[in-house]
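>>> Below is the structure, and that's it, no one-letter string:
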C-alpha cells in the first residue's frame, strides 16, 4: 500500500535542506511517541492535528510517503479508528527509522 | 676637472628635461582623451548590467537573477506553527534573496507586522489550537500600528486545505493573491516563490 522504503539517495535531496535533515528526522521520531501517547489516551483530536502537520511537511523535505501517511492518519483519527491509526503509526515509525538510518549512513559516507 | 663635472651634470639635466618633455607630450593626450573614453565605457557597461538585472526569465528555474538595484529585497513574513514547514519556506525565500521572518503564533505575527514593513505574508491557514487564519487577519487589521503603515501586504495562504475551503475575509489591509496547497515539494515551492516575486515586479 505504501512505499515503506522511501527514496534515500540523499544526494538528490534539496541541498539547502540537508543541514536541517537531522533535526527534521529527530522531530519526526518525537512525533511517533506523541502519536502513541495520544492514541493511548484516546486524544483523537490531538492525533488529527499532529497528523495534519505531518501531511503538510513530509513532502517538502523529500519524503512524500510521510505526507501520505499523515493524510491517512488524519482520516483515521477523524473516524476515531483506533486499529487503523495504530497500524499507520507503526508504518510511520518504520519509515522514519529507516530514513534516520539511511541519513546516518549517507552522512558517514559523505564525510568520508 | 670641475668643468667636466659641470658639463656632465648639465648634459644629464638636459637629457632629463628632454625625456620629461617627451613623456608629458605623450601622457597628457592619453590622460585627456583616454580617461574620459574609459569612463564612458565603464558607464555604458554599468547601465547594461542594471538593465540586465531587471530582466527575470520566468521559464528558467535554474538560475535566479538578483533583484535589480531599484528595489530593496522583498520582505517575507511566514506565519506558520510548524517549525519544519516554516524553516523550509524561509530557506527557499532567503535563497532567492528575500529578507525573511517567521512567526509561529498570532502574537509574534502582530509584533513583527508592527515593527517591520512586509511585502508578502505566507500564511498557514490552520494554526495551533485550531485558530483559523481569518481570525489572525481580523486581529491584525485591528492593530492600528499595522494600518498606519500604509502597506498592503500580499498574502499567500499555505495549507493542506483546498482553496475552496479557505474563506479569506475581505480586508483593506491585506491582499489575498494566491493559495498554495500542501504538500508541496521543496523545488516546487521555490519555483512558485520565484514566480510570485517575478509577477509582483521584483
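Cool, the structure landed. Being a predicted model, the structure only gives us computed values, none of them experimental.

>>> Spell out which parts of chain A neighbour chain B.
Counting by Cβ under 8 Å from any Cβ of the partner chain, the residues of chain A close to chain B are A:14, A:16-17, A:20, A:23-24, A:27, A:49, A:52-53, A:55-62, A:64, A:67. Glycine gets a C-beta too; all of them are placed from N, C-alpha and C.

>>> Could you tell me which residues of chain B lie near chain A?
Close to chain A, as judged by Cβ under 8 Å from any Cβ, chain B has residues B:82-85, B:87-88, B:91-92, B:95, B:126, B:128, B:130, B:159-160, B:182-187, B:189.

>>> Could I have the buried ones of these as PyMOL selection syntax?
Buried residues within these, by 16 or more other Cβ atoms under 10 Å in any protein chain shown, are selected in PyMOL with:
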select buried, chain B and resi 82+83+84+85+87+88+91+92+95+126+159+160+182+183+184+186+189
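
>>> Type out the PyMOL command that picks the buried ones from the residues of chain A next to chain B.
Paste this into PyMOL to select the buried members of those, with burial taken from 16+ other Cβ under 10 Å:
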select buried, chain A and resi 14+17+20+24+49+52+53+55+56+57+58+59+60+61+62+64+67
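
>>> on that earlier part again, return the subset of the residues of chain B next to chain A lying in helices.
Those of those mapping onto helices are B:83-85, B:87-88, B:91-92, B:95, B:186-187, B:189, per DSSP state H.

>>> So which of those residues is the closest to residue B:72?
residue B:95 (17.5 Å; Cβ to Cβ).

>>> What's the separation between the closest residue in space to the closest one that isn't next to it in sequence and residue A:90?
Spatial nearest neighbour of residue B:95, excluding adjacent residues (Cβ to Cβ, 6 or more residues apart in numbering or on different chains): residue A:16 at 5.9 Å. In this view, residue A:16 and residue A:90 are 32 Å apart by Cβ to Cβ, to the nearest Å.

>>> hmm, back to that, I figured the residue nearest to residue B:95 hits residue B:89, correct?
No: assessed by Cβ atoms under 8 Å, residue A:16 is found out of contact with residue B:89, at 11.4 Å.

>>> Now chain B against chain A: closest residue?
For chain B, the residue closest to chain A is residue B:183, as judged by Cβ to the nearest Cβ, at 3.4 Å.

>>> what residues go with each domain of chain B?
B:1-53, B:75-199 (automatic domain parsing).

>>> Out of those, which is the most enclosed?
Of all the domains of chain B, domain B:75-199 carries the top mean neighbour count, a mean of 18, counting by mean count of other Cβ atoms under 10 Å in any protein chain shown.

>>> and that one, how far apart are its ends?
When the termini of domain B:75-199 are compared using Cα to Cα, to the nearest Å, they are 15 Å apart.

>>> surely residue B:85 meets residue B:124?
Yes: assessed by Cβ under 8 Å, residue B:85 is found in contact with residue B:124 at 7.2 Å.

>>> Now do the SS call for the residue positioned nearest the centre of chain A.
Nearest to the geometric centre of chain A sits residue A:66, at 4.5 Å (Cα atoms, centre = their mean). Classification of residue A:66 by DSSP: H, G, I helix; E, B strand; the rest coil places it in helix.

>>> residues contacting it?
Going by Cβ atoms under 8 Å, 6 or more residues apart in numbering or on different chains, residue A:66 touches A:6, A:28, A:54, A:57-59, A:92, A:95-96.

>>> Remind me which helix or strand residue B:122 belongs to.
For residue B:122, the element it lies in under DSSP states H and E is strand B:120-124.

>>> What's the mean pLDDT across that strand?
The pLDDT scores in strand B:120-124 average 92.

>>> And residue A:42, how far from residue A:80?
Counting by Cβ to Cβ - residue A:42 and residue A:80 are separated by 8 Å.

>>> ditto for residue B:94
Counting by Cβ to Cβ - residue B:94 and residue A:80 are separated by 41 Å.

>>> again with residue A:88
With Cβ to Cβ as the criterion, residue A:88 and residue A:80 are 13 Å apart.

>>> Can you pick out the residue with more neighbours from the two?
residue A:88 (25 against 13; other Cβ atoms under 10 Å in any protein chain shown).

>>> Let me see the contact set for that one.
Contacts of residue A:88 (Cβ under 8 Å, 6+ apart): A:69, A:72-73, A:76.

>>> Swap in 10 Å and give it another go.
A:2, A:35, A:47, A:51, A:68-77, A:81 (Cβ atoms under 10 Å, 6 or more residues apart in numbering or on different chains).

>>> Pick the one among those closest to residue B:101.
Among the contacts of residue A:88, and counting by Cβ to Cβ, the member closest to residue B:101 is residue A:70, at 26.6 Å.
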